[in-house]
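Colleague: Quick one: sequence and predicted model below, then my questions.
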Amino acid sequence: MTHHLAILPGDGIGPEIIAQAIRILDKLIADGLDADYQYAPLGGAAYDEYGAPYPEFTQNLCRAADAVLLGAVGGPKYDTLDRPLRPERGLLAIRKDLNLFANLRPAVLYPELANASSLKPEVVAGLDILIVRELTGDIYFGEPRGIHTNAQGEREGVNTMRYSESEIRRIGKIAFEAAQKRGKKLCSVDKANVLETTELWKQMMTELSADYPDVALTHMYVDNAAMQLVRAPKQFDVVVTGNIFGDILSDQASMLTGSIGMLPSASLNETGKGLYEPSHGSAPDIAGQNKANPLATILSLVMLLRYSLNNEAAAHRVETAISTVLAQGYRTGDIFEDGCRLVSCSGMGDAVLAAM
Ligand code: NAD
């Protein structure tokens, strides 16, 4: 079965970094990967072409695709547009349209880049964590919410932490399945000692674990998880948690690696369709200069191969090529250190292709 991919280069450095990921994809296709792809605009590029950040053309392509690879959106040129027309609205719209409720963010620190972390190299070298965050529920969306005046005449802010069994089950399944594809350890993060919503979360994760006997499930309170992430982060394999805890812990974990140009992400729906994109933005300060690090985007392609196409062999091949080029000393400016070989964005693409 041919896999159909939608490619959305976006704005700023988006087209440059996507171009390098496409060279890798073309190589995989030439070597037998059964996939094809089509381009569509998103964000500012879509506004320029169609007058909307997520136009119908892009919607139709993304709905029909098996997976979507995105560069980045946004830029100063669009900052004065009415809010509904801004590039970031395109991003929110596509996430909603495709019902992407699971956010997967790996934090991998290649041993060669250990000096980029703010933690001691021995604490982080070889780190390989995957944070699975629920994206569409929890206190960010729970009702009732708002600011009102209470009976005492004082203003009061209200938000509601809420998760249903089905919402917890579907994110739990994604996390257990991700753990099966990795180190087979899953840590569920909650605050079950204080919050009933997360007591249900913990119960459901324990129930689900019966279906995944090959995965070792543990539970951790969120405050302890925050501490352990900086004390001994290599103890973690996959971490699953709700929207608000995941928002904070995934940013904390990603910064253990120190380099924004190396961080991919995936957002998945129930059918395994996903949107794959680097964690960084469109970097207008270096756009058009062939300087950007394309590795976060190429690593997003790796996640696409692994999670939407279930092609571990191809994912592993590209991952190994990236490890090789880092060991060979190739570095874009953002991860450069003395003694390494400085390369451009396309130069890094050349190196990865050569290593494949
Ligand atoms: P940014 O991530 O674009 O840039 C922050 C810094 O990191 C900049 O100095 C940039 O040069 C550098 N950087 C980022 N990616 C890099 C790469 N691959 N290689 C080398 N250096 C890199 O964040 P920002 O400056 O806050 O935002 C710029 C624009 O991007 C804004 O319009 C913002 O709204 C948008 N944005 C988009 C996304 C997205 O598309 N998912 C995410 C965040 C920000």
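Modeller: Perfect, I can see it now.

Colleague: How many residues are close by whatever residue of the stretch 1-150 of the chain ends up closest to the ligand?
Modeller: Closest approach of the stretch 1-150 of the chain to the ligand (C-beta to the nearest ligand atom) occurs at Gly74, with a separation of 2.5 Å. Where C-beta positions appear, they are placed from N, C-alpha and C, glycine not excepted. Neighbourhood size, Gly74 [other C-beta atoms under 10 Å]: 23.

Colleague: wait, doesn't it sit right on Asp11?
Modeller: Yes. Counting by C-beta atoms under 8 Å, Gly74 does reach Asp11; the two are 5.8 Å apart.

Colleague: Now do the helices in this structure.
Modeller: Along the chain, counting by DSSP state H, helices occupy 14-30, 44-50, 56-64, 87-97, 121-124, 165-180, 196-208, 222-231, 243-255, 295-303, 312-327, 345-355.

Colleague: out of these, deepest packed?
Modeller: Among the helices of the chain, ranked by average contacts under mean count of other C-beta atoms under 10 Å, first place goes to helix 295-303 (a mean of 26).

Colleague: by contact count, what packs against that one?
Modeller: helix 14-30, strand 67-72, strand 102-108, strand 264-268, strand 274-278, helix 312-327, helix 345-355 (3 or more C-beta pairs under 8 Å, 6 or more residues apart in numbering; DSSP states H and E).

Colleague: Can I get those in JSON lines including distance to the ligand?
Modeller: Putting the helices and strands packed on helix 295-303 into JSON lines (distance: least, C-beta to the nearest ligand atom, whole Å) gives the following:
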{"stretch": "helix 14-30", "distance to the ligand": "6"}
{"stretch": "strand 67-72", "distance to the ligand": "4"}
{"stretch": "strand 102-108", "distance to the ligand": "12"}
{"stretch": "strand 264-268", "distance to the ligand": "8"}
{"stretch": "strand 274-278", "distance to the ligand": "6"}
{"stretch": "helix 312-327", "distance to the ligand": "14"}
{"stretch": "helix 345-355", "distance to the ligand": "8"}
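
Colleague: ok, Ser254 to the ligand distance?
Modeller: Distance, Ser254 to the ligand, using C-beta to the nearest ligand atom, to the nearest Å: 12 Å.

Colleague: mind checking how far stretch 206-223 is from the chain centre?
Modeller: Put simply, stretch 206-223 sits 22 Å off its chain's centre (C-alpha atoms, centre = their mean, to the nearest Å).

Colleague: What would that stretch look like as CSV? C-alpha coordinates only.
Modeller: In CSV, the C-alpha atoms belonging to stretch 206-223 read as follows (Å, rounded to 0.1, in the frame of the first residue of the first chain):
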residue,chain,number,x,y,z
THR,A,206,-2.8,0.4,35.8
GLU,A,207,-5.8,-1.3,34.2
LEU,A,208,-4.4,-0.8,30.7
SER,A,209,-1.1,-2.3,31.7
ALA,A,210,-2.7,-5.7,31.7
ASP,A,211,-2.9,-5.5,27.9
TYR,A,212,0.8,-4.7,27.6
PRO,A,213,2.6,-7.3,29.8
ASP,A,214,5.9,-6.6,28.0
VAL,A,215,5.9,-2.9,29.3
ALA,A,216,7.0,-2.2,32.9
LEU,A,217,4.6,0.5,34.2
THR,A,218,5.6,2.8,37.1
HIS,A,219,3.8,5.8,38.6
MET,A,220,5.4,9.1,39.8
TYR,A,221,4.0,12.3,41.3
VAL,A,222,4.6,15.3,39.1
ASP,A,223,6.7,17.2,41.7
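
Colleague: mind listing what's buried in it?
Modeller: The neighbour-count check on stretch 206-223 (16 or more other C-beta atoms under 10 Å) flags 208-209, 212, 215, 217, 219-222 as buried.

Colleague: Now, these that are in strands?
Modeller: 217, 219-221 (DSSP state E).

Colleague: For the helices of the chain, give me CSV that also has mean pLDDT.
Modeller: Conversion of the helices of the chain to CSV gives the following (pLDDT from 0 to 100):
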stretch, mean pLDDT
helix 14-30, 98
helix 44-50, 98
helix 56-64, 98
helix 87-97, 91
helix 121-124, 90
helix 165-180, 96
helix 196-208, 98
helix 222-231, 97
helix 243-255, 91
helix 295-303, 97
helix 312-327, 96
helix 345-355, 98
